[in-house]
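Participant: output the structure for:
(2 chains)
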Amino acid sequence: MRSLFSMLKDLTVRPKERRTRATPPLPAEEDWSKPLSAQKVRSLLNKSSDIIFREFTLRGKEEVTCLLVYVDGLTDKYIIDHYLLKILMVDFNGEPQLSRVTADNALDTVFKFLAPASEAKKIKELGEALDSILGGDAVLFFGEYPQAMVIGVRNWPNRGVWEPETEAVVRGPREGFTETLRTNTTLLRRKIKHPAFRLISLKIGELTRTDVVVAYIETLAKPDVVSEVLKRLSRIKVDGVLESAYIEEMIEDYPYSPFPQIAYTERPDVLAADLLEGKVGIIVDGTPIALTVPVVLAQFLQVSEDYYERAMIVILIRFIRYLGVAVALLAPSIYIAVTTFHQEILPSNLALSIAAGREGVPFSALSEAMMMTLALEILMEAGLRLPKPIGQTIGIVGALVLGDAAVKASLVSPLMVIIIGLTAISGYAIPSYDLGIAVRLIRLPMMILAGTMGFFGLGLGVYALLIHLLSLRSFGYPYMSPLAPLRLRALLQDTFVRTPRWGLKHRPHLLDADTDRKKPGGKR
Amino acid sequence: MEKISEHQFTMVCAAVLLGTTFIPVGQTSVQVAGRDAYMSVVLVYGLAIPWGLMILAITRNHPGQNLLEVTAALLGKWPGKFLALLYTGAVGYLGILLLARVGDTFRRSILPLVPTTVIIGGMILLVLMLAWSGVENFARFAESVFPLVVFGLLFTMVFSIPRFEPDEYLPILENGVMPVIWGVAKLASYPMEFILFMAGAITFVPREDEGRLKKGLWRASVFVAFIQGALTFTEVMVFGPEEAMRLNYGLLALGKMVEISRTVSGIESLFLLIWMGAEIIKICALFLAAFWGIRHLSGWNKNLWLYLGLALLFMAVAVPRPGGTALALQILRFDEWTVLPLAGCWIPLLFLLNVWKRRRRRT
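Facilitator: Next comes the predicted model:
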């Protein structure tokens, strides 16, 4: 009983320390902040076949044995060979600069005169050296000197900037994020060329040491949101972060809610638009999916194209999306409630027509709907993982052949097939996949409630859902804003409808980033 | 400490003031004021304004305290405890009666085969969920559901217009002004139900801009008076005074008569879905008020066990209640003999005492 209550408490209380997972300390972790030593680096990394250790000698005033360490495949060997090793070993041999070199000043001399690299720095700690080497940079050691030089030579095979398949648009930019963090930050920087645009780097994951960047516009984002994001990120203690979803689950406010509390996107224009609204972006290396916080429910029913099309068209499209959510969530439940409990709501002709369709069907409306919904879910799951042509075949076989056969065999009524088909299509009108899944999940209990208690049961479900949604917060901001708490201007400006661009004079009220759009970053 | 905004205060005022009184208001007012009942209804909700202003004035010098705590401060510990006991009993039992009416309404109208226990159980579960999520969330719920309730009422009224019988309207004031005044007296307990809630909820209201609070209270009262008046007027115009007096759930009867373009008819079941929201708000308001009373009496803080216990008590007492006219009469009598005298005397008494003490302190 106690554990049940602690779980219930978890549902409502915002998490603090429970997100951290005790990871056993790694063997090398204790040495992470120790002074640098080439020998130590060699002993830690020499068991991996992809780590290259290249020793050579600088012939200056003294002979200094150098060690260049890098990961094969993550670095540009051409640069290493032609702009580093060739210079140090061949071109400058006998030159005056090199003639001054001793074991003590080798690092400074090479750093100042002999390494033509724009990205270079001196390091003192073992951890920094390991991070740099394993991150794709080359590290140059000078004998047993307790400092080394990092040279930025990262280069690995990566995917190009393509249009994201999951967020395709008719009108709008065609570029999408890639798996490379720096490419992604570059795409953002190209869109926001303002000194207030900030990128803060972190490393998360004890083993993966994944690079994570927190992006925001300093003059627009609320400082408390930024610090809360950084605080929650820094609390994460896991072995690895392979996708931004790992982080999403760790930092969201209510992990047991089916509703997404963090938005994600593959499109730089969407993330840039979010940042311009005062939100904070989280970009993770190794995935094209970037996260945005805080969010409100209405955001999951908007797409980037809403801002590229004419306002009047967007109003209609948004109305259709909201209608889609209502139908996807409630259509089967309403059908069940009406046919089982509230036939009086239908005029006689319609009631007779429905009854004729159900004649010979041996199941109750609830069982019929449950079977059809489960069949639909199986079809959707089966079609999702298959190659496109086979997936389409599955859809046709499932929807047309099986549906038709089930009606002919009097297993289901024709109206039920129409209702479930309409429900499935409406589900696709929801732009966010996460929200769509949440709606699919909630549909089933709604159907059970409607099948057992009619409209009263449906009312119980809808009001329970509303109470749950109203209690949700995303990084402290009410999830149902601007509906509740009511922000009338935001509601009329850019929620159910969108006013023309010239009418969007204020930034979204929902985050209280209530600044005049005409003055970038300036308070109204 | 949770806080609600001025706008939320207005919406909560309107939602709790309207509450579920739209169900019996037609019958109760017509019984006394006849065909002019709508005038009584419009006037009676005005009572919420002076009583509400008195609460604002009393608590102005006692920041962060509700009226129970102010009572203890002004009258002493034991009179304070006694009034808190009365308050808790009054709001708690009223909540239980309204909960019983939900079961009765649904069972009599659209779910005759579903046991009352299930309906009441489902309802109290929602109330518990909403109350547990806090006053801030309660205010947000009121903010989002109240417009739907108003929309449902307006919808019913508009679709009843074709059934209006103009003869029922006249003659105006056929029995003079007195029936209207007696009607006001009869209905005075409705705004007092809200006043009892406000006495406890005042701690959650921001006091920086009292002008906006006053304006919010005034707006909420006028709006609810208008809606309830229009509803009573519609019932009189459609059924006539004699029939309206007889109908226990006149509004549901109106809903049954609505038909939209041969597609949907008898939409009382749909309206019940919307009015369920109003019932959740009103019962939750009384549930919270009962909890504040218990907290004042016992010193217990918010915890899930206490909420669960209170919810179970509500359910256990509500389930065996009789339904129909007997229940309607019980609610009416409890309102007239407990809620009205308690709120009607307690708050003016405190107000006068507060004023007197302040003047004495000045001199």
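
Participant: pLDDT weak spots in the chain?
Facilitator: Assuming you mean chain A. By pLDDT under 70, the weakly predicted segments of chain A are A:1-33, A:94, A:508-524.

Participant: could you do chain B instead?
Facilitator: For chain B (pLDDT under 70), the answer is B:259-267.

Participant: for chain A, what's the nearest residue on it?
Facilitator: B:Arg140 (3.9 Å; C-beta to the nearest C-beta). Bear in mind the C-beta positions are built from the backbone N, C-alpha and C, glycine included.

Participant: contacting residues for that residue?
Facilitator: By C-beta atoms under 8 Å, 6 or more residues apart in numbering or on different chains, the contact list for B:Arg140 reads A:Leu470, A:Pro478, A:Met480, A:Ala484, A:Pro485, B:Gln8.

Participant: name the nearest of those residues relative to A:Ala215.
Facilitator: Lowest distance from A:Ala215 to the contacts of B:Arg140 (C-beta to C-beta) belongs to A:Pro478, with 23.7 Å.

Participant: quick check: what element follows the longest helix belonging to chain B along the chain?
Facilitator: The single longest helix within chain B, with elements called by DSSP state H, is helix B:210-246. For helix B:210-246, the following helix or strand on the C-terminal side (DSSP states H and E) is helix B:250-257.

Participant: that next one vs helix B:210-246, what angle?
Facilitator: Interaxial angle, helix B:250-257 versus helix B:210-246 (axes from the mean of the first three to the mean of the last three C-alpha atoms, to 10 degrees): 70 degrees.

Participant: re earlier: nearest to B:Val236 among the contacts of B:Arg140?
Facilitator: B:Gln8 (34.1 Å).

Participant: the closest one sits in which helix or strand?
Facilitator: Counting by DSSP H and E, the element that carries B:Gln8 is helix B:6-18.

Participant: so is that helix next to chain A?
Facilitator: Yes - Helix B:6-18 is in contact with chain A by C-beta under 8 Å from any C-beta of the partner chain, via B:His7, B:Gln8, B:Met11.

Participant: out of those, who's the most crowded?
Facilitator: Most neighbours among the residues of helix B:6-18 next to chain A, by other C-beta atoms under 10 Å in any protein chain shown: B:Met11, with 27 neighbours.

Participant: now do the helices in the stretch 101-250 of chain B.
Facilitator: Ranges of helices within the stretch 101-250 of chain B are B:116-132, B:135-160, B:178-187, B:189-201, B:210-246, B:250-257, based on DSSP state H, counting those that start in this stretch.

Participant: the stretch 351-500 of chain A too?
Facilitator: For the stretch 351-500 of chain A, the helices defined by DSSP H, counting those that start in this stretch cover A:365-385, A:388-396, A:403-408, A:414-428, A:433-471, A:488-494.

Participant: identify the bridge partners of the nearest residue to A:Asp274 once chain neighbours are set aside.
Facilitator: In space, and not counting its chain neighbours, A:Asp274 is closest to A:Thr292: 4.5 Å by C-beta to C-beta, 6 or more residues apart in numbering or on different chains. Assessed by DSSP bridges, A:Thr292 has beta-bridge partners A:Ala263, A:Gly281.

Participant: A:Thr292 against A:Gln261, yeah?
Facilitator: No - using C-beta atoms under 8 Å, A:Thr292 is not in contact with A:Gln261, being 10.9 Å away.

Participant: pick the most buried one from the helices of the stretch 101-250 of chain B.
Facilitator: Comparing these by mean neighbour count (mean count of other C-beta atoms under 10 Å in any protein chain shown), helix B:189-201 ranks first with a mean of 27.

Participant: can you give me how far it is from the chain middle?
Facilitator: Computed by C-alpha atoms, centre = their mean, to the nearest Å, the chain-centroid distance of helix B:189-201 equals 8 Å.

Participant: can you check stretch A:198-205 too?
Facilitator: Distance, centroid of stretch A:198-205 to centroid of chain: 15 Å (C-alpha atoms, centre = their mean).

Participant: and stretch A:204-211, by the same measure?
Facilitator: Relative to the chain's own centre, stretch A:204-211 is displaced by 17 Å; criterion: C-alpha atoms, centre = their mean.

Participant: what is the end-to-end distance of that stretch?
Facilitator: By C-alpha to C-alpha, to the nearest Å, the extent of stretch A:204-211 from end to end equals 7 Å.

Participant: can you check stretch A:122-141 too?
Facilitator: Stretch A:122-141 stretches 10 Å from its first residue to its last (C-alpha to C-alpha).

Participant: in it, what counts as buried?
Facilitator: Residues A:123, A:125-141 are the ones in stretch A:122-141 that count as buried (16 or more other C-beta atoms under 10 Å in any protein chain shown).

Participant: what helices or strands is the helix or strand harbouring B:Tyr307 leaning on?
Facilitator: Using DSSP H and E, B:Tyr307 maps to helix B:304-318. Judged by 3 or more C-beta pairs under 8 Å, 6 or more residues apart in numbering or on different chains; DSSP states H and E, the packing partners of helix B:304-318 are helix A:2-12, helix B:77-109, helix B:116-132, helix B:268-298.

Participant: could I have that helix exported to PDB, CA atoms only?
Facilitator: What follows is the C-alpha trace of helix B:304-318 in PDB, where atoms were taken according to Å, rounded to 0.1, in the frame of the first residue of the first chain:
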ATOM      1  CA  LEU B 304      -3.900  11.800   0.900                       C
ATOM      2  CA  TRP B 305      -5.300   9.700   3.800                       C
ATOM      3  CA  LEU B 306      -7.400  12.600   5.000                       C
ATOM      4  CA  TYR B 307      -8.700  13.300   1.500                       C
ATOM      5  CA  LEU B 308      -9.500   9.700   1.000                       C
ATOM      6  CA  GLY B 309     -11.300   9.500   4.300                       C
ATOM      7  CA  LEU B 310     -13.300  12.600   3.500                       C
ATOM      8  CA  ALA B 311     -14.200  11.300   0.100                       C
ATOM      9  CA  LEU B 312     -15.300   7.900   1.500                       C
ATOM     10  CA  LEU B 313     -17.400   9.800   4.100                       C
ATOM     11  CA  PHE B 314     -19.000  11.800   1.400                       C
ATOM     12  CA  MET B 315     -19.800   8.700  -0.600                       C
ATOM     13  CA  ALA B 316     -21.000   6.600   2.400                       C
ATOM     14  CA  VAL B 317     -23.500   9.300   3.400                       C
ATOM     15  CA  ALA B 318     -24.600  10.200  -0.100                       C
END
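
Participant: starting at the chain centroid, how far to stretch A:110-126?
Facilitator: Distance, centroid of stretch A:110-126 to centroid of chain: 35 Å (C-alpha atoms, centre = their mean).

Participant: show residues contacting it.
Facilitator: Outside of stretch A:110-126, the residues within contact range by C-beta under 8 Å, 6+ apart are A:31-37, A:40-41, A:58, A:79, A:83-84, A:87-88, A:92, A:97-98, A:101, A:107, A:129, A:132, A:139-140, A:142, A:146-153.

Participant: sort out for me which of those residues are in helices.
Facilitator: Residues of those located in helices (DSSP H): A:Lys40, A:Val41, A:Ile79, A:Gln97, A:Leu98, A:Leu107, A:Ala129, A:Ser132.

Participant: I appreciate the help and will end here.
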